[in-house]
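# kindly return the folded structure for what I paste below:
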Amino acid sequence: MEKKNSFSLLSFIRKGKYSKNGQVSVYLRISVDGRRTEISTKTIIPKGKWLSGKGRLAVSSEEVRRLNDGIISFEHRAREVYNRFIEQGKIITAESIKNELLGTDHKQHMLVDLFQLTVRDMEKRVNCGFAPGTVKNWRVTEGHLQEFLRVQYKLVDIAFKQLNASFITDFDWFARTHWACGNNASLKHIERIRKVVKRALVNDWLIKDPFLGFDCKQTKSNRTFLTREELEAIQEKPFSVERLDRVRDVFIFCCFTGLAHVDVEKLTRDNIVHGIDGKKWVYTFRQKTGGLMQQNVWRIKLALLHKK
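From the prediction side, this is the model:
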């Protein structure tokens, strides 16, 4: 059986809290399941007019009747919030009803603000959950998002409640036409924005997911590979600059090991161990997958020395 909350309202004045001109404020006490809170109705009444038993003013003029109507209207608003929370299946407390009446639950939560906060959180976890390159890519998307809002909407930021399907399609079009992004590059930017929007959905900062109507798939890319002749041509290419010579050797090393450049950067002598066959091997964990990689050092050395 569905649990029902106990709910009551009481309009009252605080005795002894009269102003110098003999007026006093009317408050509304909201009680839910034995817990209560109070909120001002913004109604000021003259001293001696309040009927505590009725929670109203003693009617003596049209002005007093107008004040009573204001108090009744405020109570109706509180009941409407309570009934709406029931319909929406929300957790109901006296504070949540008060916050709804005050409008604090409708504070403007902004997309760029949360995006920047997300990136700052990622920066704190660099090399401890996030790679520097990942943070760099998010920074690029952040800059693109700000440029898009400035050019397309003449805005510095946008509230989550203003996001809709048109915003997403507009951003996709802008990425392809203004930044010459391909399909996959554009979707990468949108994917990062989507992750931030999901955080807003979890926090109930917007009701409907603006991505529900957005359907676009990544284009399958056919990556080419170097032929043996092309690889040998790179190995034998002479460079007058020592730095470029070193870059070429690192590239060839990556080709023979299958390691990404970011993984090669982290290699130390401790990654070179003797295998059970008596030969030297490179043991390292790939940054992207966490999988163990191993390659015979001597075979790699022979390949690099082949050009000498």
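# how about stretch 149-161: buried residues?
The neighbour-count criterion (16 or more other C-beta atoms under 10 Å) identifies 149, 155, 157-160 as the buried residues of stretch 149-161. The C-beta positions use only the backbone N, C-alpha and C, and glycine is treated the same way.
# shaky segments in the stretch 201-308 of the chain?
Filtered on pLDDT under 70, the stretch 201-308 of the chain yields the residue ranges 285-308.
# so where do the strands sit in it?
Taking DSSP state E, counting those that start in this stretch as the criterion, the stretch 201-308 of the chain carries its strands at 272-274, 280-285, 292-296.
# closest to the centroid, which residue in the chain?
To find the centre residue of the chain, average its C-alpha atoms and take the closest one (C-alpha atoms, centre = their mean): that gives Val196, at 2.6 Å.
# which pLDDT value belongs to that one?
Predicted confidence (pLDDT) for Val196: 95.
# got a list of contacts for stretch 130-138?
Outside stretch 130-138, the residues that touch it by C-beta atoms under 8 Å, 6 or more residues apart in numbering are 118-119, 122-123, 126, 188, 192, 262, 287-288.
# remind me, longest helix of this structure?
The helix of greatest length in the chain, counted in residues with DSSP state H as the criterion, is given as helix 62-88.
# from the chain's centre, how far out does that helix sit?
Centre-to-centre, helix 62-88 and its host chain are 36 Å apart (C-alpha atoms, centre = their mean, to the nearest Å).
# let me see the mean pLDDT of that helix.
Average pLDDT, helix 62-88: 89.
# what average pLDDT does whichever helix or strand comes after it get?
Following the chain from helix 62-88 toward its C-terminal end, the next helix or strand by DSSP states H and E is helix 94-102. For helix 94-102, mean pLDDT rounds to 86.
# then helix 94-102 to CSV, C-alphas only?
Output in CSV follows, covering the C-alpha atoms of helix 94-102 (Å, rounded to 0.1, in the frame of the first residue of the first chain):
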residue,chain,number,x,y,z
ALA,A,94,8.2,20.5,4.7
GLU,A,95,11.5,21.9,3.4
SER,A,96,11.0,20.8,-0.2
ILE,A,97,7.6,22.5,-0.3
LYS,A,98,9.1,25.7,1.2
ASN,A,99,11.9,25.7,-1.3
GLU,A,100,9.4,25.3,-4.2
LEU,A,101,7.4,28.2,-2.9
LEU,A,102,10.6,30.3,-2.5
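# now the residue sitting furthest away from the middle of the chain: closest residue in space that isn't a chain neighbour?
Note on the chain: the largest separation between a C-alpha and the mean C-alpha position, by C-alpha atoms, centre = their mean, falls on Ser60 (56.1 Å). If you skip the residues right next to it in sequence, Ser60 has Lys49 as its closest partner in space, 7.4 Å away by C-beta to C-beta, 6 or more residues apart in numbering.
# do Glu95 as well
Thr37 (5.5 Å).
# list the contacts of the one you found.
Thr37 makes contact with 29-30, 94-95, 98 under the criterion C-beta under 8 Å, 6+ apart.
# how about Ile39?
Ile39 makes contact with 27-28, 30, 98, 101-102 under the criterion C-beta under 8 Å, 6+ apart.
# please name the bridge partners of it.
Leu28 (DSSP bridges).
# what does Pro46 give?
Checking Pro46 by DSSP bridges, which sets the bridge assignment, gives partners Gln23.
# that one contacts Gly22, correct?
Yes: under the contact definition of C-beta atoms under 8 Å, Pro46 touches Gly22, with a separation of 6.3 Å.
# pick out whichever of those two has more residues nearby.
Neighbours were counted for Pro46 and for Gly22 using other C-beta atoms under 10 Å; Pro46 has more, 16 against 10.
# any idea how far Ser166 is from that one?
Using C-beta to C-beta, to the nearest Å, we find Pro46 at a distance of 53 Å from Ser166.
# what do you get for Leu149?
With distances defined as C-beta to C-beta, the gap from Leu149 to Ser166 amounts to 14 Å.
# and the pLDDT at the residue nearest to Glu95?
The predicted local distance difference test score for Thr37 is 93.
# same deal with the one 10 residues further on?
Note on Lys47: pLDDT of 79.
# can you pull the contacts of it?
Residues touching Lys47, when contacts are defined by C-beta under 8 Å, 6+ apart, comprise 18, 22-24.
# what's the farthest-apart pair in those residues?
Set against one another by C-beta to C-beta, these have their most distant pair in Gly22 and Val24, with a gap of 8.1 Å.
# ranges for the strands of the stretch 51-200 of the chain?
Using DSSP E, counting those that start in this stretch, strands in the stretch 51-200 of the chain cover 56-57.
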